[in-house]
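Q: would you be able to build a 3D model of this:
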Amino acid sequence: MILWKFFFKIDIDTYTPQTKLFGLQNLTLSDVESTSEHYLPIHASSGGFYLALDCNFRRLFVLFSDPYSLLYGPEVGKRVQNQVRENVTHYASVQPPGVPNSKRHSKYEQWLLENPELCVRPESRCGVFNWGLWMERGHESRGPVITPDTNAVPARLEQFLLGAIEKDQRDKMREAIQSLPASCKELWCKSDKECFALRACLVNVLTEPHVDCGDMGWAMISPFGNFDGGEFCIADLGRRFAFHEGHIAAIRSRRLVHFTRKWVGSRISLVSTMHRALIPHCTKRCDSGERVSAERSDGRGEGEPAQKGPSGGLRARGNGYLV
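A: Now for the predicted structure:
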């Protein structure tokens, strides 16, 4: 079943989210929760998807309710979901994620105080991994650098879905990555069809109202785990979406204010994107023969930097699926 909605007051080319953003960022976590309670709840039926369009019929947001079955079939699709959850959980148990340090997680300590079970048990984990290439905030002249957490994280399904949503952007992202020298891709890029240069893995971290001003355009988000709640909210649309394991959302992340509501249980969120500043750097370096740094960065990026040294390679169990 397809659910769709036109938002005639939004033109994605001219729309600015600052008014919505400033109002929400000044609220406490409880106030944000209360405000979002008034958003219209949306439940995409199994096997269906929700589509939001602007006044010119361009896509703003897409929610796929069961894309794993679409691509892999029901049995293998469920196996992939289980394997992703187990792989990330196991990885976080041997390589704890870093403490987030960005506006989208500014109330991190308050969240932990409200949910001490996320960090007090020996097996509990709460933090952020960043895998791939990013642009360090305040040091853009250095060009793209490899994040401290980087290791190989293939994502076949999200590449397929982004192509269905906006093929031109996917191809542009793919071409940028293909232009990079092999020396800076060998740690994280295992496919010549890769189109996401950066992935964030949020382990039990609440995402507060924000826009991703450094993103190129679309971001893909996939939740995993056993939890209740955790609705995905878009303030500009006045909607809150049921967002469970097996769902994938695509959003114009630098144009729309988005956040996650509170949940109970264990929740992992994988976010795939590319910093738009990477595109001209890739083109320039490719044309001039320069090389992107193969050194890992400990500086502050557009995403959440890890507060630790470089992590080891991913020792995933089973078949190694990570979407």
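
Q: residue 20 in helix, strand or coil?
A: helix (DSSP: H, G, I helix; E, B strand; the rest coil).

Q: now the helix or strand containing residue 60: mean pLDDT?
A: For residue 60, the host element (DSSP states H and E) is strand 59-64. Across strand 59-64, the average pLDDT comes to 96.

Q: just checking, what packs against that strand?
A: If contacts are counted by 3 or more CB pairs under 8 Å, 6 or more residues apart in numbering; DSSP states H and E, strand 59-64 sits against strand 49-53, helix 156-165, strand 248-252. (Each C-beta comes from the backbone N, C-alpha and C, glycine too.)

Q: helix or strand right after that strand?
A: Heading C-terminal from strand 59-64 (DSSP H and E), you reach helix 67-72.

Q: report the buried residues of the helix or strand that that next one is followed by.
A: Remark: after helix 67-72, the chain's next helix or strand is helix 74-94, criterion DSSP H and E. For helix 74-94, the neighbour count (16 or more other CB atoms under 10 Å) marks 77-81, 83-85, 87-89, 91-92 as buried.

Q: can you lay out these as a markdown table showing distance to residue 170 and pLDDT?
A: Below are the buried residues of helix 74-94 laid out as a markdown table (distance: CB to CB, whole Å; pLDDT from 0 to 100):
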| residue | distance to residue 170 | pLDDT |
| --- | --- | --- |
| 77 | 21 | 90 |
| 78 | 26 | 92 |
| 79 | 26 | 92 |
| 80 | 21 | 89 |
| 81 | 23 | 91 |
| 83 | 25 | 89 |
| 84 | 21 | 88 |
| 85 | 26 | 90 |
| 87 | 25 | 87 |
| 88 | 24 | 88 |
| 89 | 29 | 87 |
| 91 | 27 | 85 |
| 92 | 29 | 86 |
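
Q: would CSV of those residues with distance to residue 200 be doable?
A: Formatted as CSV, the buried residues of helix 74-94 follow (distance: CB to CB, whole Å):
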residue, distance to residue 200
77, 23
78, 24
79, 24
80, 20
81, 19
83, 20
84, 15
85, 16
87, 16
88, 12
89, 16
91, 14
92, 13
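
Q: surely residue 214 meets residue 277?
A: Yes: counting by CB atoms under 8 Å, residue 214 touches residue 277, with 6.7 Å between them.

Q: neighbour-wise, which of those two wins?
A: More crowded of residue 214 and residue 277, by other CB atoms under 10 Å: residue 214, with 21 against 17.
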